[in-house]
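**Student:** compute the structure for the input listed below.
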Amino acid sequence: MSMLSEDKVKKIKEQILVELYHQGLKPIFTSELASLIIRDEEFTKRLLQALMKDNLVVEVNKSAKGNTYSKWKRWKLSDSAYKAMQQVY
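**Tutor:** You can find the predicted model right below:
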């Protein structure tokens with residue numbers, strides 16, 4: 001597997017943020033997001049975790065009914081990131 005440059009990883013992270021913005025405030029599963037950006041799920045998960053450390057995305061680990069997910073993760077933009085993206089788009 002080839003290594004990606006920091007510049008390319010940054011662009012992929014931006015693409016993730018744009019896809020999450022287009023979903024609105026609706027959380028999206030990692031697998032759905034990976035298929036939207038055409039990347040591997042584990043790679044996408046790693047990038048999402050890095051974005052979470054930067055407070056750009058929020059992990060949602062409960063369903064709409066309040067059940068806690070044991071395996072799956074859903075993601076959405078943090079409130080501050082969503083407001084910043086609204087000014088851009």
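**Student:** and Ala64, that's in a helix?
**Tutor:** No. With DSSP: H, G, I helix; E, B strand; the rest coil as the criterion, Ala64 is assigned coil and is not in a helix.
**Student:** for this protein, which segments count as strands?
**Tutor:** 28-29, 57-60, 74-77 (DSSP state E).
**Student:** single out the most deeply packed of those.
**Tutor:** Comparing these by mean neighbour count (mean count of other Cβ atoms under 10 Å), strand 74-77 ranks first with a mean of 22. In short, each C-beta sits where N, CA and C put it, glycine included.
**Student:** hmm, back to that, want to throw the strands of the chain into TSV with distance to His22?
**Tutor:** Output for the strands of the chain, formatted as TSV (distance: least, Cβ to Cβ, whole Å):
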stretch	distance to His22
strand 28-29	10
strand 57-60	14
strand 74-77	10
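**Student:** need those strands in JSON lines (columns: mean pLDDT and distance to Lys13).
**Tutor:** Converted to JSON lines, the strands of the chain look like this (pLDDT from 0 to 100; distance: least, Cβ to Cβ, whole Å):
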{"stretch": "strand 28-29", "mean pLDDT": "94", "distance to Lys13": "15"}
{"stretch": "strand 57-60", "mean pLDDT": "94", "distance to Lys13": "10"}
{"stretch": "strand 74-77", "mean pLDDT": "94", "distance to Lys13": "12"}
